[in-house]
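Student: sharing a model that was predicted from the sequence below.
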Amino acid sequence: MNLFDDMRAAVLAALGEMQAAGALPAGLDFGAVTVEPPRDAGHGDMATNAAMVLAKPAGMQPRAIAEALAARLGADGRIASAEVAGPGFLNLRLAPAVWQGVIGAILTAGADYGRATLGAGRRVNVEFVSANPTGPMHVGHVRGAVFGDALARLLAFAGWEVTREYYINDGGAQVEVLARSAYERYREAHGLAPAIADGLYPGDYLIEVGQALKAEYGASLLDRPESDWLAPVRDFAIARMMETIREDLALLGVTMDVYFSERSLYGTGRIEGALESLRARGLVYHGVLEPPKGKTPEDWEPRAQTLFRSTAFGDDVDRPVMKSDGSWTYFAPDIAYHFDKVTRGFDLLIDVLGADHGGYVKRLKAVVGALSDERVALDVKLIQLVKLWKDGEPFKMSKRAGTFVTLRDVVEQVGADVTRFMMLTRKNDVALDFDFDKALEQSKDNPVFYVQYAHARARSVIRKAEAAGVGVADLSRLGHPAEIALARLLGNWPRQVEQAARTNEPHRIVFYLADLAAEFHALWNRGTDDPALRFVQPDDAQATAAKVALVRATAVVISSGLGILGVRPVDEMR
């Protein structure tokens with residue numbers, strides 16, 4: 001049940017009747033007609049732009065269309081009033097029975113209320129986290145992990161078939177550095193002084209890896225040339241780091257469906273195969289790029305390279321895939337990886353990347369368009385930095401210095417549910433301040449507490465009602481403007497799900513839940529001053545049943561919203 005879709009259908013039907021009656025010309029495209037909440041809630045429940053978007057193609061004044069449309073919509077029993085505003089917008093107020101019906105629909109559908117068919121069973125791949133397997137996950141990875149998982153949950157709720165994927169960056173120079181760093185800890189496990197040279201990873205987390213290497217290999221790798229121990233130490237260290245990463249993700253409630261190794265692309269012909277598919281269409285060629293903007297002839301050396309014709313798909317310049325010395329660029333395995341995803345039959349690809357990858361977006365979109373003949377879309381979501389605060393002071397981290405704040409540190413201090421919710425309180429491409437003190441504060445200024453408290457309050461009312469044997473509700477007893485306002489917000493839930501899923505923006509769910517919690521708390525508080533608004537009416541069983549039904553519906557929607565965020569709803573606050 002999506003009231004906004006229902007009302008749009010009513011508007012389109014009225015427009016069709018106007019065409020049949022000759023009040024509108026035939027052949028108009030109604031695709032741009034919308035029904036949305038008005039900018040000012042005081043103007044009504046919904047507003048349509050129908051007259052504004054149809055005026056020009058119809059050759060008519062917008063107010064004339066709006067007035068004729070209002071007259072027809074006025075005959076719809078669900079619409080209490082249709083008022084023309086400004087140059088031709090049409091504001092609609094729905095009858096109380098419509099909002100009362102929302103409560104019944106929620107209680108009938110339960111946890112399925114708000115589920116959308118937007119995805120229509122199509123397949124989407126959400127690739128997120130994909131941290132280098134060189135150490136435990138830090139707080140910067142937390143935000144990407146939470147965002148990616150919440151987005152996957154949102155898309156599943158909206159009807160998509162979702163695959164969560166982690167791309168293991170185990171094919172670059174960083175894993176060789178990891179191997180050398182772990183080898184020094186292996187030497188340390190044998191009582192030798194580790195030589196942690198500049199450029200190696202100094203973190204204490206590798207001490208345990210060194211001890212595990214000793215348990216696995218004994219002293220057999222000591223005093224051996226690097227060529228003998230580099231590969232086995234690298235593979236061992238990567239495996240241990242990935243084990244740690246999986247454990248860290250589990251702490252957040254994140255599980256992956258696929259772990260894809262970058263190294264599986266090398267020496268297997270998969271990079272060559274992906275590039276050959278592009279070359280067959282004239283999209284890979286040997287050439288020389290123009291000098292970058294700002295470069296002078298003296299500091300620019302033209303070199304012949306193998307290039308992907310990404311400008312044919314909206315990129316600013318063509319991109320090298322092979323260097324002049326015959327080695328692959330960083331882009332080449334990324335092409336092969338996305339080719340693999342395309343061939344797996346996904347209808348949509350979503351890459352969740354750090355903000356430092358902003359300059360990489362156009363080439364990725366270009367190559368996915370090329371590899372799929374524009375059939376598969378790629379949406380790249382960039383995750384901005386998280387700034388940590390504690391005791392009023394910034395909390396800094398430095399992975400290379402070994403003093404970074406880990407995912408485990410954050411979860412152990414505030415819990416997985418609080419961590420997840422707080423990481424979604426801002427849009428992904430906006431920097432986020434994470435204040436440990438604020439995250440644990442029990443006040444309305446802490447959004448996760450405020451939402452959880454609303455659910456706990458609702459559950460408290462429901463428990464009391466169940467104990468009292470409250471009967472079937474006559475929802476027509478819900479008529480106070482404050483009750484209708486809450487029902488109106490509940491009726492907006494399906495639209496919020498669709499909007500969030502269309503834009504791949506799970507933070508919209510957080511914002512909605514904050515508004516819903518505020519509306520519920522406001523109604524609760526009104527009952528303090530106005531006994532008629534209290535959820536339990538000792539002398540009126542029917543009024544109590546109706547009000548408790550509203551509370552039940554609120555709890556259902558809050559629980560569903562928290563489920564999309566991966567946050568457990570609480571039944572009582574401790």
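Tutor: Sure thing, it's come through. Numbering: from 1, shown residues only.

Student: low-confidence ranges in the chain?
Tutor: 294-299, 396-403, 574 (pLDDT under 70).

Student: most distant residue from the middle of it?
Tutor: Distance from the centre of the chain peaks at residue 223, with 49.5 Å (Cα atoms, centre = their mean).

Student: now residue 111: how far from residue 557?
Tutor: The gap separating residue 111 from residue 557 is 10 Å, by Cβ to Cβ, to the nearest Å. For every residue, glycine as well, the C-beta is placed using N, CA and C.

Student: circling back to that earlier point, helix, strand, or coil at the residue farthest from the centre of the chain?
Tutor: State at residue 223, reduced to three classes by DSSP: H, G, I helix; E, B strand; the rest coil: coil.

Student: for it, give me phi and psi.
Tutor: Note on residue 223: backbone dihedrals following degrees, to the nearest 10 are phi 50, psi 30.

Student: please apply the same query to residue 377.
Tutor: Per-residue torsions, residue 377: phi -90, psi 150 (degrees, to the nearest 10).

Student: how many neighbouring residues does the residue lying closest to it once chain neighbours are set aside have?
Tutor: Using Cβ to Cβ, 6 or more residues apart in numbering and skipping residues adjacent in sequence, the residue nearest residue 377 is residue 348, 5.5 Å away. Taking other Cβ atoms under 10 Å as the neighbour definition, residue 348 ends up with a count of 18.

Student: related to what we said a few turns ago, residue 111 and residue 557: which has the busier surroundings?
Tutor: The neighbour count for residue 111 versus residue 557, taken as other Cβ under 10 Å, is higher for residue 557 (26 against 13).

Student: list the contacts of the residue nearest to the more buried one when sequence neighbours are not counted.
Tutor: Nearest residue to residue 557 in three dimensions, chain neighbours excluded: residue 493, at 5.1 Å (Cβ to Cβ, 6+ apart). Applying Cβ atoms under 8 Å, 6 or more residues apart in numbering, we find residue 493 in contact with 113, 114, 512, 557, 560, 561.

Student: and the last one, what does it touch?
Tutor: Read that as residue 561. 493, 509, 512, 513, 516.

Student: quick revisit: as JSON lines, the contacts of residue 493 with distance to residue 192 and secondary structure would be great.
Tutor: Formatted as JSON lines, the contacts of residue 493 follow (distance: Cβ to Cβ, whole Å; DSSP: H, G, I helix; E, B strand; the rest coil):
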{"residue": "113", "distance to residue 192": "64", "secondary structure": "coil"}
{"residue": "114", "distance to residue 192": "61", "secondary structure": "coil"}
{"residue": "512", "distance to residue 192": "58", "secondary structure": "helix"}
{"residue": "557", "distance to residue 192": "61", "secondary structure": "helix"}
{"residue": "560", "distance to residue 192": "57", "secondary structure": "helix"}
{"residue": "561", "distance to residue 192": "55", "secondary structure": "helix"}
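
Student: which one of these is nearest residue 196?
Tutor: Closest approach to residue 196 among the contacts of residue 493 (Cβ to Cβ): residue 561, at 47.1 Å.

Student: so how far is residue 35 from that closest one?
Tutor: Distance from residue 561 to residue 35, counting by Cβ to Cβ: 23 Å.

Student: domain ranges for the chain?
Tutor: Residue ranges for the domains of the chain, per automatic domain parsing: 3-94, 173-251, 444-565.

Student: return the most buried member of those domains.
Tutor: Across the domains of the chain, averaging neighbours per residue (mean count of other Cβ atoms under 10 Å) puts domain 444-565 on top, at a mean of 19.

Student: span of it from start to end?
Tutor: With Cα to Cα, to the nearest Å applied, domain 444-565 spans 19 Å between its terminal residues.

Student: got the residue ranges for the helices in the stretch 301-450 of the chain?
Tutor: In the stretch 301-450 of the chain, the helices defined using DSSP state H, counting those that start in this stretch lie at 331-343, 361-371, 407-414, 416-423, 436-440, 447-468.

Student: which one of those helices lies closest to residue 72?
Tutor: helix 447-468 (39.7 Å).

Student: pretty sure residue 69 sits against residue 13.
Tutor: No. Residue 69 lies out of contact with residue 13 (Cβ atoms under 8 Å); the separation is 10.9 Å.

Student: tell me, what residue is most central in this protein?
Tutor: residue 151 (3.1 Å).

Student: nearest spatial neighbour of that one, skipping sequence neighbours?
Tutor: Residue 151's closest residue in space is residue 506 (Cβ to Cβ, 6+ apart), at 5.2 Å.

Student: next, that neighbour: phi, psi?
Tutor: Per-residue torsions, residue 506: phi -70, psi -20 (degrees, to the nearest 10).

Student: how much space between residue 111 and residue 458?
Tutor: Taking Cβ to Cβ, one finds residue 111 at 15 Å from residue 458.

Student: do the same with residue 404
Tutor: 40 Å.

Student: try residue 490
Tutor: 12 Å.

Student: overlap in contacts of those two?
Tutor: In contact with both residue 490 and residue 458: residue 554, using Cβ under 8 Å, 6+ apart.

Student: not counting sequence-adjacent ones, nearest residue to residue 362?
Tutor: Counting by Cβ to Cβ, 6+ apart, the residue nearest residue 362 is residue 315, at 4.5 Å.

Student: show me what contacts that neighbour?
Tutor: Residues near residue 315 by Cβ under 8 Å, 6+ apart: 362, 363, 365, 366.

Student: mind listing what residue 44 touches?
Tutor: Residue 44 neighbours (Cβ under 8 Å, 6+ apart): 38, 81, 83, 91, 92, 93.

Student: mind doing that once more with 7 Å?
Tutor: 38, 83, 91, 92, 93 (Cβ atoms under 7 Å, 6 or more residues apart in numbering).

Student: burial count for the closest residue to residue 479 other than its chain neighbours?
Tutor: Spatial nearest neighbour of residue 479, excluding adjacent residues (Cβ to Cβ, 6+ apart): residue 96 at 5.9 Å. Close neighbours of residue 96, defined as other Cβ under 10 Å, add up to 18.

Student: any idea how far residue 96 lies from residue 165?
Tutor: Residue 96 is 47 Å from residue 165, by Cβ to Cβ.

Student: what sits up against the helix or strand harbouring residue 273?
Tutor: Secondary structure from DSSP states H and E places residue 273 in helix 270-279. For helix 270-279, the external contacting residues (Cβ under 7 Å, 6+ apart) are 265, 284, 308, 321, 328, 332, 333, 335, 336, 339, 370, 371.

Student: just those residues now: which is nearest residue 246?
Tutor: Residue 246 lies nearest to residue 265 out of the contacts of helix 270-279, by Cβ to Cβ, at 21.5 Å.

Student: could you check how far the closest one is from residue 332?
Tutor: Remark: distance between residue 265 and residue 332 (Cβ to Cβ) = 9 Å.

Student: picking that back up, columns distance to residue 289 on top of the domains of the chain, output as TSV?
Tutor: Below are the domains of the chain laid out as TSV (distance: least, Cβ to Cβ, whole Å):
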stretch	distance to residue 289
domain 3-94	42
domain 173-251	24
domain 444-565	33
